[in-house]
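S.K.: Have a look at this prediction, sequence included:
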Amino acid sequence: MIYRCKAPLRIGLAGGGTDVSPYCDEFGGAILNATLSLYAYASIALTDKPGIIIESIDQQQCQTFDWTNHLPINGELDLLKAVFNRVQKDYPFTVKGLHLTTFVDAPAGSGLGTSSTLVVAILGAFVEMLNIPFGDYDLAHYAYEIERIDLQLAGGRQDQYAATFGGFNYMEFYENDKVIVNPLRIRKEYLNELENNLVLYFTATTRASAAIITEQQKNVKEKNSKSIDAMHQLKEQAKMMKEALLVGKLHQIGEILDYGFQQKKQMAANISNNSIDAIYHAAQQAGATGGKISGAGGGGFMIFYCPNNTRFNVIKTLNTFGGKINPFQFTKEGVRSWTIS
């Protein structure tokens, strides 16, 4: 038997960073994000060969173990092993042989929520295999616990919920891990125009988001007013973006993105740098009305809003920086799993 799952990556459009503790615990956070036609994939094959094989195709890593209830967390394929360990702990199972294989359509550290989405996809395959009675909130929170508690990886909450629910969502985050996902009913013509005008650009660099997020958390704990006020403004930006999308004020999208990007740079050092600023300025000169760095910042993907057919001139300009334009479509569905006999 083979149990498969795929979960969509996401772009954050507004409110990024307000889903991170302790800010959301104290003040409440709000984020607007959307899932893309880029995915994390996971497959679990039950085999007659004794033992466990853990394999990441995109990272070109593979490890083999004798059958065990706990795989070593040692910096190699830890996301894959942590999901196995947690599921084994809470829903024990024994099979003769198991081969877990994963693949992600974007590089790790690229700002599209790859790590969290991969955890959701792997967990979804185990849920399919063991018929665990999880609802969407259960699955997303379980994935969050594996990444943030079991592995102690710094980060927020939006990625697990985006990958699980899919589509456009306005998410609210509160203390005691309370999350409310509000799906947005956006008119098709608005989505078509947004998809047409957004350019997704990979800077050809990746970064470890943990250091940036850790500094952001430190700024909140130490009551850094500049950083906290920026997060307040980003939370308001999420409301602004929601209204613009729902009522069709698409001409405001670029300005809202730009406003959020300028605020985000106040949250922590290294969210932007000279290279990112140069790319951003060049895109604006070419016709983009605004944009942002995706995820925690420091590298990875950027998005730009390019109205009135300026996307072609913006793309031409971005191609001079050595990165890559990444075509995409918005997706409605979140995590999906199935079985092959």
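M.R.: Perfect, thanks for sending it.
S.K.: and stretch 136-156, how far out from the chain's middle?
M.R.: Put simply, stretch 136-156 sits 13 Å off its chain's centre (C-alpha atoms, centre = their mean, to the nearest Å).
S.K.: oh, I was asking about stretch 106-124
M.R.: Relative to its chain's centre, stretch 106-124 lies at 7 Å (C-alpha atoms, centre = their mean).
S.K.: Endpoints of that stretch, how far apart?
M.R.: 19 Å (C-alpha to C-alpha, to the nearest Å).
S.K.: can you offset everything so residue one is 7?
M.R.: Done: numbering now begins at 7, and the last item shifts to stretch 112-130.
S.K.: Buried residues, the host helix or strand of A149. List them.
M.R.: If you go by DSSP states H and E, A149 is part of helix 142-151. For helix 142-151, a neighbour-count test (16 or more other C-beta atoms under 10 Å) marks L145, A146, H147, Y148, A149, Y150 as buried. Any C-beta I mention is one placed from the backbone N, CA and C, and that applies to glycine too.
S.K.: and the angle from the helix or strand immediately after that helix in the chain to helix 142-151?
M.R.: Reading on from helix 142-151 to the C-terminus, the next helix or strand found by DSSP H and E is helix 164-171. Computed by axes from the mean of the first three to the mean of the last three C-alpha atoms, to 10 degrees, the angle separating helix 164-171 from helix 142-151 equals 140 degrees.
S.K.: Check the model's average confidence along helix 164-171 for me.
M.R.: The average pLDDT for helix 164-171 rounds to 98.
S.K.: What helices and strands are in contact with that helix?
M.R.: strand 8-20, strand 35-53, helix 120-136, helix 142-151, strand 174-179, strand 185-189 (3 or more C-beta pairs under 8 Å, 6 or more residues apart in numbering; DSSP states H and E).
S.K.: so how far is the third one off the chain centroid?
M.R.: For helix 120-136, the separation from the chain centroid amounts to 14 Å (computed by C-alpha atoms, centre = their mean).
S.K.: I'd like the distance between Q290 and S300.
M.R.: 17 Å (C-beta to C-beta, to the nearest Å).
S.K.: same thing with A127?
M.R.: 19 Å.
S.K.: quick one, what contacts K330?
M.R.: Y207, F208, A210 (C-beta atoms under 8 Å, 6 or more residues apart in numbering).
S.K.: Quick check on those residues: which are buried?
M.R.: Judged by 16+ other C-beta under 10 Å, buried ones among the contacts of K330: Y207, F208.
S.K.: Let me have the contacts of K330 in JSON lines, adding pLDDT, secondary structure and distance to I155 as columns.
M.R.: Shown next, in JSON lines, are the contacts of K330 (pLDDT from 0 to 100; DSSP: H, G, I helix; E, B strand; the rest coil; distance: C-beta to C-beta, whole Å):
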{"residue": "Y207", "pLDDT": "96", "secondary structure": "strand", "distance to I155": "34"}
{"residue": "F208", "pLDDT": "94", "secondary structure": "strand", "distance to I155": "31"}
{"residue": "A210", "pLDDT": "83", "secondary structure": "coil", "distance to I155": "33"}
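S.K.: between the contacts of K330, which is nearest M246?
M.R.: Lowest distance from M246 to the contacts of K330 (C-beta to C-beta) belongs to Y207, with 23.2 Å.
S.K.: Test my guess that that closest one contacts G328.
M.R.: No - with contacts counted by C-beta atoms under 8 Å, Y207 stays clear of G328, the gap being 10.9 Å.
S.K.: hang on, the earlier thing: who does the helix holding A149 touch, helix- and strand-wise?
M.R.: Using 3+ C-beta pairs under 8 Å, 6+ apart, helix 142-151 is in contact with helix 120-136, helix 164-171, strand 185-189.
S.K.: okay, now N325: neighbour count?
M.R.: 12 (other C-beta atoms under 10 Å).
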